[in-house]
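>>> here is the input, now give the coordinates:
(one chain, ligands or ions: 1)
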Amino acid sequence: MSKRRWIFIIMAALLLLLTACSSGGQVMDGEDMVRSYTQISQEEAKQMMEQDGTQIIVDVRTQEEYDSGHIPGAICIPNESIGTEQPEELPDLDQIILIYCRSGNRSKQAAQKLFDMGYTNIYEFGGINDWTGEVVTEMPDMDTSQESEPENPQGTVPAPADTLVGEFDFSAEKVLLNSGWEMPIIGTGTWTLSDEEAENSTYYALKAGMRLIDTARYYQNETGVGKGLARAIDEGIVTREEVFITSKIYGGDHDRAVKVIDEALSDLNVDYIDLMLIHQPGSDDAGVYKAMEEAVERGKIHSIGISNYYTKEQVEEVLSFAEITPAVIQNENHIFYQNAELRDYVKQYGIVMESWYPFGGRGHTQESFENDVILDIAKDHGKTAAQIILRWHLQDGYIAIPGSSNPDHIAENYDIFDFELSEDEMDRIRGIDEQRRYEHW
Ligand SMILES: NC(=O)c1ccc[n+]([C@@H]2O[C@H](COP(=O)([O-])OP(=O)(O)OC[C@H]3O[C@@H](n4cnc5c(N)ncnc54)[C@H](OP(=O)(O)O)[C@@H]3O)[C@@H](O)[C@H]2O)c1
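Presented below is the predicted three-dimensional model:
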């Protein structure tokens, strides 16, 4: 018998004892919960199911999230209803419940409510890959009859169930985020652009084939981006649903953020923003983040993330209050500053990295474009230095948003899907890294 199984049996016996000792066995106090609620890895959850025959999974999300893809055989308890009503499918009180949830805080709340309902045998797992990852295909003897076609609540995205979170799909030019929405992996940035320039850049980016536009409240050009988008829609180049708009909230607190989100929607002239980021760490990140989460619940924002968080400690701090795990971290990243450590660390949460300053930023681009390694590789592929650098970002797992007000540059920046860098070339570019940032805000 496996070690895991022995531990499991001992724990189950202890839990039964605890249940018997509790008054009436129905409502557990806080101390009991701590002793009974166990967080396990996705791997351990699978082992329990394979070796111990544990089959009950309660998938705690909003109904909309659940409908866009779930573990076959799982019971869905919408977050809102848990504790207020007991779904008929829930197992007997003495059965083991595995809670599958994409947010640590949310699953803890769900566990507490289930305890309040009388359940005592609760294990929680979550983390990478979410409902679309290997767990779906590898779980044994699972009933797949509940699998449904992904819903499409506001047009775009929900990806096919076999797409992996965080994996770049070069043929679709997209990545599936942990929020269930797809994001284009190449786009155009608009920092320093006036409203008029941002309108043109947005329009020409969409005309060239790009589908991702990056702006921010701070750039004061969301109106221009909105106009560029409207122009492209009017001309039949794109539909709103095909375009992915990112904006950012700069500083403030919860109440201000609630207001700012509405202002961004109004300036961009859209019904929803695809991705909203905290622009940089501030004094009330938890409050701002909460406001973004509330906007997700209301359909005003699809995915949320953070920007300018460079260390795992900073990210963990955000995760400590996040109900919804950030989908994206947008940071300074270029050939001279490659934060591969953070990229690899946040993979476990299904978080995708995005590079700002992919060329080093205005005033520094020649340093990147004239780098010998880049020029050498560019010559071999018959591509420009800019194209080699962007292809490196994408192949190394970074969404890239080069900024430009020049339609020729924008078209050039999109023309990077007809060649591939070899592993040797990728290594040579990785070797340029000096851990040198241009900015320290
Ligand atoms: N989250 C944050 O804190 C943060 C901070 C900075 C930036 N960002 C975002 O990241 C985006 C990218 O950063 P960035 O725009 O500052 O810097 P960047 O993309 O590294 O560099 C932009 C510069 O590259 C030039 N360029 C673009 N394509 C080119 C090409 N194919 N050939 C030659 N030159 C080319 C642009 O000039 P032309 O206009 O002449 O093409 C511009 O001077 C921003 O626009 C913004 O959306 C976010």
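
>>> when you work out contacts or count neighbours from here on, use the C-alpha atoms and nothing else.
Will do.

>>> can stretch 212-231 be said to contact the ligand?
Yes. Using C-alpha under 6 Å from any ligand atom, a contact is recorded between stretch 212-231 and the ligand, made by 214-215.

>>> I'd like the average pLDDT over that stretch.
For stretch 212-231, mean pLDDT is 97.

>>> restricting to C-alpha, output that stretch in CSV.
Taking Å, rounded to 0.1, in the frame of the first residue of the first chain, the C-alpha atoms of stretch 212-231 are listed here in CSV:
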residue,chain,number,x,y,z
LEU,A,212,-3.8,43.3,-29.3
ILE,A,213,-3.5,46.9,-28.3
ASP,A,214,-1.9,48.1,-25.1
THR,A,215,-2.8,51.4,-23.5
ALA,A,216,-3.2,52.8,-19.9
ARG,A,217,-5.1,55.5,-18.1
TYR,A,218,-1.7,57.1,-17.5
TYR,A,219,-1.0,57.4,-21.3
GLN,A,220,-4.1,59.7,-21.7
ASN,A,221,-4.7,58.2,-25.1
GLU,A,222,-7.5,55.7,-24.5
THR,A,223,-9.9,58.0,-26.5
GLY,A,224,-7.5,57.7,-29.4
VAL,A,225,-7.3,53.9,-29.1
GLY,A,226,-11.1,53.8,-29.0
LYS,A,227,-11.3,55.8,-32.1
GLY,A,228,-8.8,53.7,-34.0
LEU,A,229,-10.8,50.6,-33.0
ALA,A,230,-14.1,52.1,-34.1
ARG,A,231,-12.5,53.1,-37.4
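
>>> need the residues of the stretch 51-200 of the chain near the ligand, please.
Counting by C-alpha under 6 Å from any ligand atom, the stretch 51-200 of the chain sits next to the ligand at 189-191.

>>> and those, which are buried?
189-191 (16 or more other C-alpha atoms under 10 Å).

>>> quick check: pLDDT value at residue 3.
56.

>>> swap in residue 407?
98.

>>> could you measure the residue nearest the centre of the chain against the ligand, distance?
In the chain, the centroid-proximal residue (C-alpha atoms, centre = their mean) is residue 327; its distance is 1.8 Å. According to C-alpha to the nearest ligand atom, to the nearest Å, residue 327 and the ligand sit 15 Å apart.

>>> and the buried ones among the residues of the stretch 51-200 of the chain next to the ligand, which of them are in strands?
Among these, the ones falling in strands (DSSP state E) are residue 189.

>>> need the buried ones among the residues of the stretch 51-200 of the chain next to the ligand in CSV with pLDDT, can you?
Output for those, formatted as CSV (pLDDT from 0 to 100):
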residue, pLDDT
189, 98
190, 98
191, 97
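
>>> take the buried ones among the residues of the stretch 51-200 of the chain next to the ligand and write them to CSV, including distance to residue 440.
Rendered in CSV, the data for those read as follows (distance: C-alpha to C-alpha, whole Å):
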residue, distance to residue 440
189, 19
190, 20
191, 16
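
>>> you'd agree residue 430 is up against residue 335?
Yes. Counting by C-alpha atoms under 8 Å, residue 335 is a contact partner of residue 430 at 7.1 Å.

>>> between those two, who's got more neighbours?
A direct count of neighbours by other C-alpha atoms under 10 Å for residue 430 and residue 335 places residue 335 higher, at 27 against 18.

>>> what about the spatially closest residue to that one that is not a sequence neighbour, which SS state?
Spatial nearest neighbour of residue 335, chain neighbours left out: residue 433 (5.7 Å); criterion: C-alpha to C-alpha, 6 or more residues apart in numbering. Counting by DSSP: H, G, I helix; E, B strand; the rest coil, the backbone at residue 433 sits in coil.

>>> who's in contact with the closest residue to residue 278 other than its chain neighbours?
Using C-alpha to C-alpha, 6+ apart and skipping the chain neighbours, the partner closest in space to residue 278 is residue 306 (4.7 Å). Taking C-alpha atoms under 8 Å, 6 or more residues apart in numbering as the contact definition, residue 306 lies against 277-280, 326, 328-330.

>>> could you dump the residues you listed to CSV with neighbour count, pLDDT and secondary structure?
Formatted as CSV, the contacts of residue 306 follow (neighbours: other C-alpha atoms under 10 Å; pLDDT from 0 to 100; DSSP: H, G, I helix; E, B strand; the rest coil):
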residue, neighbour count, pLDDT, secondary structure
277, 25, 98, strand
278, 26, 97, strand
279, 22, 96, coil
280, 17, 94, coil
326, 27, 96, coil
328, 26, 98, strand
329, 27, 98, strand
330, 24, 98, strand
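
>>> so which helix or strand of this structure has the lowest pLDDT on average?
The weakest-scoring helix or strand in the chain, judged by mean pLDDT, DSSP states H and E, is helix 134-138 (a mean of 28).

>>> I'd like the next helix or strand past that helix.
Downstream of helix 134-138, the next assigned helix or strand under DSSP states H and E is strand 168-169.

>>> tell me what that next one is packed against?
Packing partners of strand 168-169 (3 or more C-alpha pairs under 8 Å, 6 or more residues apart in numbering; DSSP states H and E): strand 174-176.

>>> pull the residues that contact the strand it packs on.
Outside strand 174-176, the residues touching it (C-alpha under 8 Å, 6+ apart) are 159, 163-169, 182-185.

>>> in CSV, list these along with neighbour count, distance to residue 370 and pLDDT.
Shown next, in CSV, are those (neighbours: other C-alpha atoms under 10 Å; distance: C-alpha to C-alpha, whole Å; pLDDT from 0 to 100):
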residue, neighbour count, distance to residue 370, pLDDT
159, 22, 39, 43
163, 18, 37, 60
164, 22, 36, 81
165, 27, 35, 87
166, 25, 31, 92
167, 16, 31, 91
168, 24, 28, 95
169, 14, 29, 94
182, 21, 34, 94
183, 28, 31, 97
184, 22, 28, 98
185, 24, 25, 98
